[in-house]
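**Student:** below are the sequence and a predicted model; questions follow.
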Amino acid sequence: MSAIRVSLLLHGAGAVALVLAPQAWPWVATALVANHLALVGGVFLVRSSFLGPNLDRLPAAARAQREVCLTFDDGPHPELTPAVLEILERYQAKASFFCVGERAQAHPEIVREIARRGHSVENHSHRHSYAFALYGISRMRREIEAAQAAVTAITGRTPRFFRAPAGFRSPLTDLVLAKLGLRYVSWTRRGLDAVRDDPARVLARLIAGLAPGDLLLLHDNAPVSLAVLPPLLDELAARGLKSVSLPDACSLSS
């Protein structure tokens with residue numbers, strides 16, 4: 001049961017307690033304040049399942065096959081994404097691209113090329129607002145639905161996975177995703193390539209403890225990713241690991 005559903009039950013129980021025993025209001029108030037603080041704290045636990053199901057590693061079957069998944073956020077980028085695709089093609093590696101809806105609409109030919117090459121295109125919100133975790137449920141649903149519609153119209157395939165901007169989701173996100181049939185995805189390890197321009201440091205973060213089933217986060221709008229990707233793929237090959245898309249790893253390919 002997600003944190004928001006537990007929270008709703010707690011509020012209901014608190015209301016009943018106040019009706020039956022009004023003198024218990026300090027205890028009820030304390031419990032509700034603690035509940036709200038926990039929900040706010042959960043926003044920053046990006047790899048936790050506290051706010052709802054969260055895929056931060058591939059399923060057991062994928063791990064047994066020594067599969068990992070490279071995921072790219074924030075694209076498509078008109079110059080960098082095609083270069084990323086060429087590198088992946090050279091290594092015969094597959095990946096999942098969490099595209100921003102507006103950017104997908106601006107560069108539909110690149111999104112179609114991502115799909116044509118056997119990668120998956122997933123949902124990374126429509127506008128990539130850093131205030132996403134503060135949205136109310138209606139605005140959040142519109143934001144996710146707009147990206148779903150944009151990607152589906154371009155590729156003919158509906159995204160199966162969602163990742164929030166910067167990885168910050170609210171307690172309401174799980175309610176929206178459940179209605180849209182989307183699975184939430186975070187990561188096992190990330191290179192911080194969006195904020196670092198040192199390829200060696202980014203690569204070191206990605207390969208430290210690298211293991212079957214890992215979900216690796218990069219950005220196809222970060223120039224350093226072009227320098228990191230070849231040695232990363234060489235490292236995967238050296239360790240006998242194969243990069244696949246999320247639908248393939250989760251046996252969801254149509």
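**Tutor:** Okay, I see it.
**Student:** switch to C-alpha atoms for all contacts and neighbour counts from now on
**Tutor:** OK.
**Student:** packing partners for the strand or helix carrying residue 98?
**Tutor:** Assigned by DSSP states H and E, residue 98 belongs to strand 95-99. With contacts taken as 3 or more Cα pairs under 8 Å, 6 or more residues apart in numbering; DSSP states H and E, strand 95-99 sits against strand 67-73, strand 120-123.
**Student:** which of the residues in the helix or strand just after that strand are buried?
**Tutor:** Later in the chain than strand 95-99, the nearest helix or strand by DSSP H and E is helix 101-106. For helix 101-106, a neighbour-count test (16 or more other Cα atoms under 10 Å) marks 101, 102, 103, 104, 105 as buried.
**Student:** what's the farthest-apart pair in those residues?
**Tutor:** 101 and 105 (6.3 Å; Cα to Cα).
**Student:** intersection of neighbour lists for these two?
**Tutor:** Common neighbours of residue 101 and residue 105 (criterion: Cα atoms under 8 Å, 6 or more residues apart in numbering): 150, 151.
**Student:** next, residue 174: secondary structure please.
**Tutor:** Under DSSP: H, G, I helix; E, B strand; the rest coil, residue 174 falls in the helix class.
**Student:** for it, which non-adjacent residue is spatially closest?
**Tutor:** residue 52 (5.7 Å; Cα to Cα, 6 or more residues apart in numbering).
**Student:** count the residues that sit near that neighbour.
**Tutor:** Residue neighbour count, defined by other Cα atoms under 10 Å, stands at 24 for residue 52.
**Student:** got a markdown table for the buried residues of helix 101-106, with distance to residue 176 and pLDDT too?
**Tutor:** Shown next, in a markdown table, are those (distance: Cα to Cα, whole Å; pLDDT from 0 to 100):
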| residue | distance to residue 176 | pLDDT |
| --- | --- | --- |
| 101 | 17 | 98 |
| 102 | 20 | 98 |
| 103 | 22 | 98 |
| 104 | 22 | 98 |
| 105 | 23 | 98 |
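**Student:** export the helices and strands packed on strand 95-99 to CSV and append columns for distance to residue 196, mean pLDDT and mean neighbour count.
**Tutor:** As requested, the helices and strands packed on strand 95-99 are arranged in CSV below (distance: least, Cα to Cα, whole Å; pLDDT from 0 to 100; neighbours: other Cα atoms under 10 Å):
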stretch, distance to residue 196, mean pLDDT, mean neighbour count
strand 67-73, 15, 98, 26
strand 120-123, 24, 98, 29
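**Student:** of all the ones you listed, which lies closest to residue 215?
**Tutor:** strand 67-73 (5.0 Å).
**Student:** partner strands of the closest one and their direction?
**Tutor:** strand 95-99 (parallel), strand 215-219 (parallel), strand 242-243 (parallel) (DSSP bridges).
**Student:** using a markdown table, lay out these together with mean pLDDT, mean neighbour count and distance to residue 140.
**Tutor:** Below are the strands paired with strand 67-73 laid out as a markdown table (pLDDT from 0 to 100; neighbours: other Cα atoms under 10 Å; distance: least, Cα to Cα, whole Å):
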| stretch | mean pLDDT | mean neighbour count | distance to residue 140 |
| --- | --- | --- | --- |
| strand 95-99 | 98 | 27 | 16 |
| strand 215-219 | 97 | 25 | 23 |
| strand 242-243 | 98 | 24 | 31 |
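**Student:** which strand or helix spans residue 149?
**Tutor:** Using DSSP H and E, residue 149 falls in helix 137-155.
**Student:** quick one: residues in contact with the next helix or strand after that helix.
**Tutor:** Helices and strands here follow DSSP H and E; after helix 137-155, the next one along the chain is strand 161-162. Here strand 161-162 makes contact (Cα under 8 Å, 6+ apart) with 98, 122, 123, 124, 125, 177, 182, 183, 184, 185.
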